[in-house]
Every structure is written in structure tokens, then in C-alpha cells.
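S.K.: just the structure for this:
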Amino acid sequence: MTLKMIPRYKITAPDPRIVRRLQTALGCDPIMATVLTNRGFKTETGVRTFLHPALSDLRPPFSLKDMTPAVTRITQALKRQEKILIFGDYDVDGVTSTALLSGFLRHAGADVSTHIPHRIEDGYSLSADFIAKKAVPGGIDLIITVDNGSTSHEAVDQARSAKIDVIIVDHHVIVPPYPDALAVINPKRADCPAGLADLAGVGVAFALLICLRKYLRDRGFWQDRPEPNLKNDCDLVALGTVADMVPLRRDNRILTQAGLDIIRRHRRRPGLQALVETAGISADALNAEDIAFRLAPRINAAGRMAHADIALSLLTAEDPADITARVRHIEELNTRRRETQKQLFNRVQTDIAAHPDRLDGASLVLWGENWPEGVLGIVAAHLLREYHRPVVLISTRNGKGRGSARSLPGFDLYRGLTACRDTLLGYGGHALAAGVTVDTHNLENFRKQFERAAQEAAATAPFATDTPVDAEISLNDISEKLLDELETLAPFGAANREPLFLARDVAIVSSRIVGRHHLSLRLRQRSKVPGRTFQGIHFNIDPEKTVPKTYDQIVFRVGWNNWNQTRTPRIIIEAV
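M.R.: Numbers count the residues shown, from 1 in each chain. Below is the predicted model of the structure:
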């Protein structure tokens, strides 16, 4: 079976009656009306609600299962000055969740500490070993996990026997029986009626704080101290939500938009502001793409290459000297992360070239001794895009393998791993991303079972999918009005893709290579009436390839390019 990815693009054919209706009702560009119709909108009311997300439109989180015992117990801990520990995860979602919850509790006067495990030395999630060696000797009374804990049965049992209460705040896939914790707040629980299953871990933590703040307000807690404005913490929520690639719709869209506004206009968190500046981002124009591709990799670099505490301390720091040192450290770690990632990717590609039969199946499962665990997920994602099949990369040491898995629509990774559970020591995650632990003696058995699961999925729902193109347009159709309207569709991300267009017969006025592998162009629509030229960029191309004078077709995104306090239209070519 040969499944090497070949992108396919298909022009969407929306109902022209709905397009005209929306164009008339909104007074928008017909291309904008086409895009909105492609997104499933049919009425003016639905469009306006989507285009103008407000925190007041968030769905109430009070119906999240186990919320009442959680806020009751936290309130008790506050009143008794008990020792509370926030146990986070080492990715952006976990770090921002930890910063969010610990910051609120400190403001409320809590005796609170934080702990994020070391990716390699400790592994993922709350463990029985941590309870015995850290929590009990530390005199901890209450542990609140964030972005982890849904599979930590043994740890919760250990804590209960030591008379330590545990509240789990998580969003990963969870199946009964649930851990025997005081509360398990996870919107993916089958018995949770809240309808908030799309939330990232930081979104669930934010929901907890909404409920806790109200619970404390109803009991007069805020009479002695100012009640926190949770909107100010949406910057953290936006970071974790975008980085975790959860669907940017409904509540996630509202929270992300509010968070972007905080970062752009208010810049309340000096450590985050310093990171934005170091990444070369214009804070005034920061968007979800900047978070996903420039901020998140830097925050993640701390946990991948050293310890996530470095990122946590940056997000919570106030001292300028401390912030400068930590930002510099994170930049160094991110540079090392890039180099390590490139080395492993090349190593895997060399292995595949030497053993082409690796690509005969519907999946790709590879392992190696002492592969750098911190970049396994990133490299797996690159291989996924290259070969268009589920990928699992595993690093082995001391008889045990730890790995990261990535998948694509058409194959539910968590379900696939569940089919292989007899060969695994542990696993957890989502439909598209997961982690595994396996005994090295079982690696080959795991590979065979995983391949069987992938083959069965591919037989019923092929992995190859068409990428929808919103409309075929002329470059001459691109106006400032259209660009402004398209911008209101942001933030873009999972479940809210950026619009794609197709144009034919596009002339290349000039071109040059920038950054070694990117092609910078000036483009013009070939027509009887010459139109304006546009700045264009085509990322990650072969610099040795001859650039033609005309493109027969281009598939592209278009938007404003903000640089040096000026805005100019820019075309980003996806395919030619």
C-alpha cells in the first residue's frame, strides 16, 4: 500500500441563494459571503454572533460533573490555610493551566505550590511515586491536577491512603472506571452534561475558576480582597488553547479572541510580553498563527530540552532582570530544540530510505535507542505530513520505550491504541495526538497490532482527504474591504481554517530566495486590464528549481502583512 501524501484541492460549491442572502444582509464582499456559506452559516444572526465573540456568550460551566465538590473542597482549603499543590503538565497547555490556577489561588491567599514533572525523568501525569516521595513528606493536603490525571488511578489511591485529597482537572480522553478522586472534572466524561468537550486543559481550569470565584463571592469571601477579573487571565487561556490544537469554535473561539485582545492591547504579563518581543512578533497584530508557530514552540522548548518550570517561571515573573535571563535561556533551548529535531528527522528519513518496505503499510511505527524524547512528537508530526499515515516514534532505554504518536482525520489514534492495549504499559491522549509506554520486548507486537488497526480504519475511511478551496477568484478581486472582512474570521486554527482560494494564469513579476528555502515573489493577474501587483511568499520550496514566468494555477491564502507599523496585502502560496 502506497500512501505518500499528495495534497488534493477541491473547490467548494456553496448554495448561491445563501451566498446572495448573506451578501445582501451583511453588505459584504461576495467572496466573503461565499466563505461564510462554506462555513455553514445561513443567517445574518449566526454570522454576527460568530464574528463578534464575547465572554458573555460563554456557556455556563457550572454543570461540569464534580464541580460542586471541587469548589467546596478548595474553599475549605483556603479557609484552613491547608497546603495546596497544583500538579501540571510539561506542554504549553499544562504550563498555562498551572500558571492560571496558582495565580488565582495566590491572589486568594492560599498556601499554594506547583509541580511540573520532568518529561524524561518523571514521565507524564500524577504518579504514585510522586505521592510517596514528594507529596507526603511535603505535608500536602490537597492536590489539583491540571491537564493530566485522568488515568492516574494508582496515584489517586496512594494519595487517598495518605489522606491527601485529589481534584483532577483535565480534558484528555477518559473512560470508566474513573480515578477514585474527590472530584474528576473532565468534560469528556460520558456522564458530564456540560457540552464543553472541546475545551483544552487550560479551558477546563478556567471553567473551574469561574465557578470557584462565584462560590467564594456568594460566601462573602471577596469582601477583604479585590475580586479577580478573570478576563485578564485569558491571555494564558489563549496560549494553551491554540497550542493544544483544540477546535477553535464556540467557547474556545471566545476565549482565544479575548486572550489575543489582552496580549495585543493590555500586555499585562511582562514575561509573556518579553517572549513576544524576542520572537520578533508585533504585539499589536499578534494572532493565533503567531501563538502556534512562534510562541508555543518556545514555551514547549523548556519542557522538551530541560524543564517546563523555566517556562512557568517566565509566565509568572515580574522582575525585569529575571525575565531577561529566562527569555534568553528559552531562546537557547529553542535553538537546541530545532537542531535536535532536524537531526532526528534526518536520521529517521535515512532509515526509511534504507528500508523502503517501512512504507508498505498504513502506519509508520519506528524506534531507536536513546532518541531524544522531547522532540519525538514534533518529528512524528513532520513524518505524518510527509507520508500521510499515523506515526508512532519511540525512544528506548533500560528495557522500556516511551513514544509520541500523531494521526490525521480518518484514524482515531486513541481508539487505535486501545486496540493495542495488551502490548502497552500505558497510553493516553486524543484522536490526533497521544503518548505511549511499551516494554521493548513488545515493540514488534505493538507495531503489528497498530498496523492492523490502521489497515482496518483505512479500509473503511481512507486517510486521503481533499482540502477544500473556498472559491476560484482573480487577484484583481482582492480589495482592502475583502481583506478587512476576511480578518474578522480569525482566530484561525482547528475547526476554523483560514480561507483558501484558487487563481489561474498568474504572472510572476519578480522573485528571489529568502531564508534559504522560501520564495518571495511579486505577482500579478494576467488579464486584458493589468491589475495591481501583490507581495507573495511560497514557503519551503526547492531553491534550485527554476521559477517560471507564469503559474497556471495557485492555491493561496491572502491577508494583511503587518510590518514596521504598515499593512500591505500578502499572498501565501500553498500549492502551484
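
S.K.: please make it C-alpha for all contacts and neighbour counts, starting now.
M.R.: OK.

S.K.: residue ranges with poor pLDDT in the stretch 451-576 of the chain?
M.R.: Filtered on pLDDT under 70, the stretch 451-576 of the chain yields the residue ranges 462, 464-465.

S.K.: so which residues of it form helices?
M.R.: For the stretch 451-576 of the chain, applying DSSP state H, counting those that start in this stretch gives helices covering 480-487.

S.K.: what does the stretch 1-150 of the chain give?
M.R.: 16-26, 30-38, 44-51, 67-80, 92-107, 128-130.

S.K.: compare those and say which comes out lowest on pLDDT.
M.R.: Among the helices of the stretch 1-150 of the chain, helix 44-51 carries the lowest mean pLDDT, a mean of 92.

S.K.: compute the inter-axis angle for that one and helix 16-26.
M.R.: Going by axes from the mean of the first three to the mean of the last three Cα atoms, to 10 degrees, helix 44-51 is angled at 70 degrees with respect to helix 16-26.

S.K.: coming back round to it: of all the helices of the stretch 1-150 of the chain, which lies closest to Pro499?
M.R.: Pro499 sits nearest to helix 30-38 of all those, at 6.9 Å, using Cα to Cα.

S.K.: need the nearest residue in space to the residue nearest to the spatial centre of the chain, chain neighbours excluded.
M.R.: What sits nearest the mean C-alpha location of the chain, by Cα atoms, centre = their mean, is Asp244, with 2.2 Å. Closest residue to Asp244 in three dimensions, ignoring its sequence neighbours and counting by Cα to Cα, 6 or more residues apart in numbering: Asp93, at 6.2 Å.

S.K.: give the contact list for the one you found.
M.R.: Asp147, Ala200, Gly201, Val202, Leu239, Gly240, Thr241, Ala243, Asp244 (Cα atoms under 8 Å, 6 or more residues apart in numbering).

S.K.: same question, Pro30
M.R.: Here Pro30 is in contact with Val19, Arg20, Gln23 (Cα under 8 Å, 6+ apart).

S.K.: now the strands for the stretch 351-500 of the chain?
M.R.: Ranges of strands in the stretch 351-500 of the chain, per DSSP state E, counting those that start in this stretch, are 364-369, 391-397, 400-406, 426-429, 433-439, 467-469, 471-472.

S.K.: got it, and the stretch 51-200 of the chain?
M.R.: Counting by DSSP E, counting those that start in this stretch, the strands of the stretch 51-200 of the chain are 83-87, 111-115, 142-146, 165-169, 183-185.

S.K.: pull out the buried members of the contacts of Pro30.
M.R.: Buried by 16 or more other Cα atoms under 10 Å: Val19, Gln23, out of the contacts of Pro30.

S.K.: kindly reformat the contacts of Pro30 as JSON lines containing distance to Pro468.
M.R.: Output for the contacts of Pro30, formatted as JSON lines (distance: Cα to Cα, whole Å):
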{"residue": "Val19", "distance to Pro468": "17"}
{"residue": "Arg20", "distance to Pro468": "21"}
{"residue": "Gln23", "distance to Pro468": "21"}
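
S.K.: which of the contacts of Pro30 lies closest to Phe539?
M.R.: Using Cα to Cα, the contacts of Pro30 come closest to Phe539 at Val19, 32.4 Å.

S.K.: what residues are up against that closest one?
M.R.: Contacts for Val19 (Cα under 8 Å, 6+ apart) come out as Pro30, Ala33, Thr34, Leu36, Thr37.

S.K.: and which of those is nearest Phe62?
M.R.: Leu36 (32.1 Å).

S.K.: longest helix of this structure, counting residues only.
M.R.: Longest helix in the chain, counting residues (DSSP state H): helix 320-354.

S.K.: flag every buried residue along that one.
M.R.: Neighbour-count burial for helix 320-354 flags 323, 326-327, 330-331, 333-334, 337, 340-341, 344-345, 348 (criterion: 16+ other Cα under 10 Å).

S.K.: what's near enough to touch Phe501?
M.R.: Phe501 makes contact with Val469, Asp470, Ala471, Glu472, Ile473, Val555, Phe556, Arg557, according to Cα under 8 Å, 6+ apart.

S.K.: so in terms of bridging, what pairs with it?
M.R.: Under the criterion DSSP bridges, Phe501 forms beta bridges with Ala471, Phe556.

S.K.: please report how far it lies from Phe50.
M.R.: 21 Å (Cα to Cα, to the nearest Å).

S.K.: do Ile144 as well
M.R.: Per Cα to Cα, Ile144 is found 34 Å from Phe50.

S.K.: what about the two, which has more around it?
M.R.: Per other Cα atoms under 10 Å, whichever of Ile144 and Phe50 has more neighbours is Ile144, with 26 against 18.

S.K.: how confident was the prediction at that one?
M.R.: Looking at Ile144, its pLDDT reads 98.

S.K.: quick one: it and Arg106, what's the gap?
M.R.: Separation of Ile144 from Arg106 (Cα to Cα) stands at 14 Å.

S.K.: over to Asp147?
M.R.: Using Cα to Cα, we find Asp147 at a distance of 20 Å from Arg106.

S.K.: and the two? Which one has more around it.
M.R.: Neighbours were counted for Asp147 and for Arg106 using other Cα under 10 Å; Asp147 has more, 30 against 13.

S.K.: residue contacts, the more buried one?
M.R.: By Cα under 8 Å, 6+ apart, the residues touching Asp147 are Gly88, Asp89, Asp93, Gly94, Ser97, Val169, Asp170, His171, His172, Ala200, Gly201, Val202.
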